[in-house]
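Colleague: model the structure of this input:
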Amino acid sequence: MQWVRANRGFLAFLMLLGLFRTAVADWNPVPSGSMHPNILEGDVVLVNRLAYNVKVPLTDYVVTPTADPQRGDVVTFTSPRDGVRLIKRILAVPGDRVAMRHKQLTINEMPARYEPEEPGSDRLPVDTPWTAQRFNEHVGTSQHAIQWLEGVVAYDNFETITIPQGQYLMLGDNRDNSADSRYIGLVPRHLLIGKAERVLVSVDILGSWQPRWERFGMALL
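Modeller: You can find the predicted model right below:
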C-alpha cells in the first residue's frame, strides 16, 4: 500500500492513458502487408475511436453514433470470425449493391476504374518474391491505390450482394493478400473500432529495423 500511495500520480496517469486509448484515440502497430501499398509492416497508425461511435470503454457497446462510415475510409475493426483486430478499407456501405468479377469491382451497377500508377512511383518494392501491379482505383468519389500480385491466386469473384443496414464490406488494398470480407464476411457497425487517419511512426521491421522517416505523420488516403 505504501508503494501505491507513493506512486498514485503515475498510476492515475496510466489509468487515464488506458481510458484515452480505449475511448478516444489509439495507436496500432501494423504487422501484416494486407494494406500494401498504402500501409506497410512496421507502420504505427493513429486511430480516431470517436469517428463513428462513442462506446463504453473496453466493450463493443455503442452509446451513441457520431458519424456514418464512408466508402474509402481506412478503419480498424474486430473480425466477426475470430475476434482479431484488423485494418482494411470500407468498399461498400449499407444499401450498396456490390459484385467482383475477375478482380473488377462493380458498385451500384457502376464498374470501378483502374488507372496504372505513374512510372517512377516512390513506393517501396516490399512484396518480393511477387511482382506487384499497382493501380489507382476509382469507386464513386473514392480514389485510392491498390495492388494485385502476379502469380498469386485469390478469391476475386463473387456474385452481386446488397449490403444490409448496419453492415460494411471491407477489402484490403493488397487484394491478393488480404483476409477481408471475402473470407470473414461483412462487418457489423458495432465491431468498428475507429478510423485510421495517419501513420504516426514507421520502422522497417522486415529489413534493417531503421526508421522510415518519410512516413512519419503521413496521412492515410
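Colleague: please tell me how far residue 139 sits from residue 179.
Modeller: Distance of residue 139 to residue 179, given as C-beta to C-beta, to the nearest Å: 21 Å. C-beta coordinates here come from the backbone N, C-alpha and C atoms, glycine included.
Colleague: quick one: which helix or strand includes residue 199?
Modeller: Element membership for residue 199, per DSSP states H and E: strand 192-202.
Colleague: next: residue 146.
Modeller: Using DSSP H and E, residue 146 falls in strand 142-149.
Colleague: so for that strand, mean pLDDT?
Modeller: The average pLDDT within strand 142-149 is 94.
Colleague: which residues touch that strand?
Modeller: 36-38, 70-72, 89, 103, 114, 117, 123, 127, 130-137, 173-177, 221 (C-beta atoms under 8 Å, 6 or more residues apart in numbering).
Colleague: can I have the buried ones of those residues as a PyMOL selection?
Modeller: Those of the contacts of strand 142-149 that count as buried under 16 or more other C-beta atoms under 10 Å are selected in PyMOL with:
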select buried, resi 36+37+38+71+72+89+103+114+117+127+132+133+134+135+137+173+174+175+176+177
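Colleague: next step: the contacts of strand 142-149 restricted to strands.
Modeller: 89, 114, 132, 133, 134, 135, 136, 137 (DSSP state E).
Colleague: the closest residue to the third one other than its chain neighbours pairs with what?
Modeller: Right, residue 132. Leaving aside its chain neighbours, residue 132 sits nearest to residue 147 (4.4 Å; criterion: C-beta to C-beta, 6 or more residues apart in numbering). Taking DSSP bridges as the rule, residue 147 bridges to residue 134, residue 174.
Colleague: so how far is residue 145 from residue 89?
Modeller: 11 Å.
Colleague: now swap in residue 72 and tell me
Modeller: Separation of residue 72 from residue 145 (C-beta to C-beta): 12 Å.
Colleague: now tell me which helix or strand of this protein has the poorest mean pLDDT.
Modeller: Ranked by mean pLDDT, DSSP states H and E, the helix or strand of the chain with the weakest confidence is helix 8-23, at a mean of 47.
Colleague: so who does the nearest residue to residue 125 once chain neighbours are set aside touch?
Modeller: Nearest residue to residue 125, sequence neighbours excluded (C-beta to C-beta, 6+ apart): residue 132, at 7.5 Å. Residues counted as contacts of residue 132 (C-beta under 8 Å, 6+ apart) are 36, 37, 125, 147, 148, 149, 150.
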